[in-house]
Structure formats: C-alpha cells, structure tokens
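Q: have a look at this prediction, sequence included:
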Amino acid sequence: MAIRNIDPDKCTGCGICEDLCPNDVIRMNEQGDLACIKYGSDCSVCFICEEECPGGAIEVDGLYTGIVGFLY
Amino acid sequence: MNIEHIDTDVLIIGGGIAGLTAAIHARKYQEDVRLMLVDKGIPGASGASAFAAGILNYWQPGDDLENYFREIVVDNSEYLIDQDYVPEALRESYNTFQELLSYGVRFMRDEQGNITRIPSLGSQYGRCSPYAGGGLHLSWKIRSVALKAGTRFLERTVIVDLLHDAGGCLGAVGFGLDSNKVYVISAKAVIVAAGTLQFYKAPLGSMGAGDGLALALRGGAILRGMEQTAYVTIGPKGLGAPGLHIIFGCGGWLVNALGERFMDRYQPRLMEKARRFDLARAILEEWLAGRGPCYVDCTHLSEESLQVIRKSLPLLTRSLAAKGMDWSRDRIEYIPYGLAVSSVGGVGIKNITGETNVNGLWAIGYATDFCGGVMASAVSGLAGSGTQGRLAGKAVAEWVVGKKLRFLSESVIKRQVANVLAPWSGEVDGSYHRLEQLFTEVLGSLFREMNILKEATRLQKLLQDVREFRSCLHKLKVSDVHYLKKWHELNNILQLIEASIHASMLREESRRAHFRRDFPRRDDHHWLKWILTKQDAQGNVSAWAEDIPLHRWPYRPDPGGNHTLETGA
C-alpha cells in the first residue's frame, strides 16, 4: 500500500522526506534522527520521498489501494 | 499553540505555478514590496503543479489562433467562457512557455533540437509540449526563482480563513504543522492560489481539498461554475491518474471488452481526443450497456511513440511494471476517476489578472474558474495558471503601493483564532478512525449522488447528507496537528459540495461538465447563463443565474438552438 518502508539503516535523518511530502505522511522521530511513516493512509503514491531520499532508504509500492474511481 | 503576528504587503496563499509566478512578478515590478507565500506543503513540491500530467498546452505564433479561440468557446467551454479572456490568454500562454524555458524547465526535443509539439487532448487546434523531466522538475525550478526574488516562504502552514471586514480582505489566519503556532498574517493584498478540489485521496494526486475556493467563499468571494462537477478524468484502475494527453496524443486507443474502439459512438469527430469527462461518460455508458471493462490500448503504436509515453510518464510506466505490465504488450484497464472532482468552477474572476468582487483579494490558477472555464487548454491548466500568476503579480504589486495595512479588532482576531483551533475541543474523541471514516462516507456520497450523473432527488439527498456530515464533523475532537489539517480540509470539502449542489440544482439543463439525467439536453434558449454562488455572514449558501453577455462577443449559438449532447440520454 503506497509508502511501504523506511530503512532505518539507510536513513540519515536529513528530513528531506518530511519536508517534501505533500500530504504530511512522514514525520521525524522524537530524537529527530530517523524518518517514520506516521500517516501512511494519506500517501497518494507520488514517489517524491523515494526519489529524493539521498540514502535510498524509502520504498514506495506502485500499487495504490486507497479510494479510486468507481462504476455503478 | 502560540500566536505569531506577521505583517506583509502581499500574501500569496498557495505555492504552485500560479502562486510562485505571482511572487516572481510582484518582485519584478516593485523591488521593495514585502512578499509572503504560504503553503501547507513545500512550495514547489505540492499541489497539482508538482504532479503536472507531463505536458504544457500553449499557443505559439504560427498556430491558428482564431480557430483555437472558436473551438475553446464553442466546443470546449460551450459558451461559458469569457470571450475577452480567451484571445488574450492564448497570446499570453506563449509568454508563459518562454518564461518556463528561461527558468531552465526542460521540454522534450527531437533530433534537430526542436521542442516536440503534439496535439492536445480534447482539441483539434490545441498543441502541447511534453516535459523532459517530471512535474516536480517544473515546479521546483519556479520555486528557486521565487526564492531568489526574495519571497518569504512560510512552509507547512495551513491557512484556515481570510481576515476580512466590510472594507475588504486584510490578511489570513492559519497554523503550522511543525511550529506549534497559530499565524495571524496582516497583508495589504491577498492572492489566493491554493488550487481546487481535485484528486483528493486519488493516487498520484495533489490532495487538493479546495481550500482556496472554500476560504475565498467564506471571505465573501463569489464563485462561478460550481455546477461543473463532472470535470472528471479517466485513469488506470488501481494506479495513478495522469498521462492522457501523452497517451492519446501519441495515438493510443480506448477499447471495450469486445476489443472495439467505442468513442465513435459518443464523440465521432474527436474520438479519444475528446474532453476528459466525455471519455469518462463514454466508459460509463459502455459499462451500462454491458460492454465493459474498457481499456487503453497502445499495443499498435510504434516503438518511437511508446518511448515518448514511457519517458514522459515514468511513474505510471513504473507502476505498470510493478504489476507486470507494459504499454507495448498489454491493454490497461481505465475507469472514470470520480475522484478528480475538480469543478472547473472556482472564484469568479473578472479578468486575466484575477480580480475578484472583494477589495484587496485576487485569485489565480485553479482556485479560479478561469473566467468561465474550460478544460485542458492553453488558457487554463498550467499555462493559464502561470499567465494569471504573472499578470496578477504585477497588478497586485502596483496596487499595494501607497496602501496601508488595516487590522481587525482584538476580539475579532481572538474569534478567528478560536475557529482555527475549535476541533481541539470537540465533544467526540475521534481523531484517526472517525475522521477517516467520515472522509470515506463523504466521498462515497459525493460519487453516488453528484459525480458525473445528477438529478434533483439525489441532489436533495446529498444536501441532507452534507448537513449530517457537517454536524458529525463539528462534534469530532482532534488532538494532533495533522488531523487538525484534515479536519479543516473536510470542512472545506463539505462547503464546496454544498455550493456545487445549489449550483447544480439551479441549472436545469446539461452543459459541458454538468450533466443532469432529468434535464439531459442543452438549452441555449434559456440557459446561456453563468451560475454564481456565495455565502452570507451566517454561512448560508445561495446560487443565482446571470446572463452571459454574448451580445458583446463574436461567438454565440444559433438562435433557438437546442441540441442533445453527443453522448445521448
């Protein structure tokens, strides 16, 4: 489902992902040295976090499982 | 939360192409103007601009202006667009394109180094150029230019309401997502550039909750075209939405379950290049006739065309690969994306500089109705937004010269701040689950009762639903700043749905992206009118109709014209 994982071994705590996420999905932990998926259900699969992470720590799944169009 | 007061000259709400361009040009015309730009994300990496669907629609010298003008008015907008705006915005779109080039935005080029141009979706005369980089490339470049121009950014800050009195707009109030502050911003002029209700909760979406429209509506601005609710698109089932221009521009087909191209039943002239909502309605009709599902089929395209598609839609191509699919081999199921509930309506701006009916308030980009509205053309979308940003930036920077800041009384400010924070003290502890559930219920109701196909009884039902939802929402308590943001977003969404219901009920005909099953024909005899909506101080929304001044303009329908939409019903 959208953003899947932030690898703590690769995360450098730079905070770029928290800054760039348009939907405020990612927040730094209390110590401020690790990014965490806090509001995962708001991920709209834009890939910005994964593309911009300098450490390659973030994995985004291309398969979206949120509300999509419908037919009736 | 602590309260921080900020003074500035020009406050721009929203950091997409419109807002950033406005900042750049305000600085260009007034070197010493104080500029502040607020965004609930990061300006340049949020909103629809950051997810631009791969192309820029623009006119250039040598293109057929007169026929494109006529097509925009007659075929695309169905007479709803201001005909003074169109030719000016067409010419200006070329300047916007040049401006983007000068910022270093890269477009695809052929082997000779010329910028690639392909036909625009929904148009015979429109042309567009695909970007060489993705959407973030575009908006990030403009961000850098705006920063260098000395714009003060207030990032990850949600604006909740405009500050206004009888004399007009005097600023805005909001809160930070990280700063633990409520901001009271006083400004001589405010430019709303915060986009529209579109792709909320949709994949690869901008999460546009229509904040700009909603706070403008509450700030006394008149909205126009809120009945145009079926401005929906089509997209790959389970994946992201953008890319139609490229796919159909390169020759892709839409086929049904029988493998037939079916657009000749609905839009024989334009086929797959018809307007997005025409494609959505067609797919819906194919399903209702038992010939669904429907697919995009690019398997017949040349390797060169396929490469253009893959390069300009890297994220979608990648998402397909994750499902084991490829454009060259597979038909991709496409469905109507009801979530692209962006009304082409918005703040009813008076002209290309985004002037509104409220003193001190301008609106640009998707927060506006693009002067009556039109889908995906050089006078709307990215080029239209960039153009309006440029011209509004200049106009507003000049307007504020000699103006003084005005301030509301302390008691009024206190009330506004309390309004921002009201959900902290709701009755019902909900936060995560209840709020998410409410979102799902609201969007579900919207799809069933108003999206694409409408009729009076279901609109009435939706109005009742909206009132109940609002009552639930106002009881919910949130205890987290992220959910405070979402609370206000849902509040805005409900407000815009209500405005759309009133407008939809009033227009008793079908036109452009407003389709009523109980009034399926277009009625040029009675309905060459705009539908306007506003909200009074008590929060009551009303809608009324105003004649479109077609007698002033070159294009108008044949007298007594009455025609059924090509999709039939």
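A: Happy to help now that I have it. Numbers count the residues shown, from 1 in each chain, chains lettered A, B, ... in the order given.

Q: what ranges do the helices span in the chain?
A: No chain was given, so I picked chain A. A:16-20, A:48-52 (DSSP state H).

Q: look at chain B instead
A: B:17-29, B:65-71, B:85-102, B:135-148, B:211-218, B:244-249, B:276-288, B:303-312, B:314-322, B:381-399, B:410-421, B:431-449, B:456-475, B:481-506.

Q: export these to CSV and tack on mean neighbour count?
A: Using the backbone N, CA and C atoms, a C-beta is placed for each residue, glycine as well. CSV is the format used below for the helices of chain B (neighbours: other CB atoms under 10 Å in any protein chain shown):
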stretch, mean neighbour count
helix B:17-29, 28
helix B:65-71, 17
helix B:85-102, 20
helix B:135-148, 21
helix B:211-218, 27
helix B:244-249, 26
helix B:276-288, 23
helix B:303-312, 17
helix B:314-322, 19
helix B:381-399, 27
helix B:410-421, 14
helix B:431-449, 18
helix B:456-475, 16
helix B:481-506, 23
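
Q: which one of those helices lies closest to chain A?
A: helix B:314-322 (3.5 Å; CB to the nearest CB).

Q: where does the chain dip in pLDDT?
A: Picked chain A for this. Applying pLDDT under 70 to chain A flags residues A:1, A:62-72.

Q: my bad, the chain I had in mind was chain B
A: For chain B (pLDDT under 70), the answer is B:52-53, B:134-135, B:199-207, B:240-242, B:338-344, B:430-431, B:560-569.

Q: redo that, cut-off 50
A: B:562-569 (pLDDT under 50).

Q: for B:His25, give its distance to B:Gly360.
A: For B:His25, the distance to B:Gly360 equals 18 Å [CB to CB, to the nearest Å].

Q: can you check B:Leu138 too?
A: In terms of CB to CB, B:Leu138 sits 30 Å off from B:Gly360.

Q: equivalent analysis for B:Asp264, please.
A: Separation of B:Asp264 from B:Gly360 (CB to CB): 51 Å.

Q: compare those two (neighbour count), which wins?
A: Between B:Asp264 and B:Gly360, B:Gly360 has the larger neighbour count (other CB atoms under 10 Å in any protein chain shown), namely 22 against 10.

Q: what sits against the more buried one?
A: By CB atoms under 8 Å, 6 or more residues apart in numbering or on different chains, B:Gly360 lies in contact with B:Gly167, B:Gly168, B:Cys169, B:Leu170, B:Lys188, B:Ala189, B:Val190.

Q: how about the strands in chain A?
A: Using DSSP state E, the strands of chain A run over A:3-6, A:26-28, A:35-37, A:58-60.

Q: pairing partners for the longest one, with directions?
A: Yep, that's strand A:3-6 we're talking about. strand A:58-60 (antiparallel) (DSSP bridges).

Q: list the buried residues for the partner strand?
A: A:Ile58, A:Val60 (16 or more other CB atoms under 10 Å in any protein chain shown).

Q: ok, and what's touching that strand?
A: A:2-7, A:17, A:35, A:43, A:45, A:47, A:49-50.

Q: which of the residues you listed count as buried?
A: Taking 16+ other CB under 10 Å as the criterion, what is buried in the contacts of strand A:58-60 is A:Ala2, A:Ile3, A:Ile6, A:Cys17, A:Ala35, A:Cys43, A:Val45, A:Phe47, A:Cys49, A:Glu50.

Q: B:Ala456 against B:Arg517, yeah?
A: No - using CB atoms under 8 Å, B:Ala456 is not in contact with B:Arg517; the gap is 9.5 Å.

Q: how close does B:Gly372 get to A:Gln31?
A: In terms of CB to CB, B:Gly372 sits 53 Å off from A:Gln31.

Q: look at the two and report which has more neighbours.
A: Counted by other CB under 10 Å, B:Gly372 and A:Gln31 do not tie: B:Gly372 has more neighbours, with 22 against 7.

Q: out of the contacts of B:Gly360, which are inside strands?
A: B:Gly168, B:Cys169, B:Leu170, B:Lys188, B:Ala189, B:Val190.

Q: just those now: which is nearest chain A?
A: Using CB to the nearest CB, the ones in strands among the contacts of B:Gly360 come closest to chain A at B:Val190, 22.4 Å.
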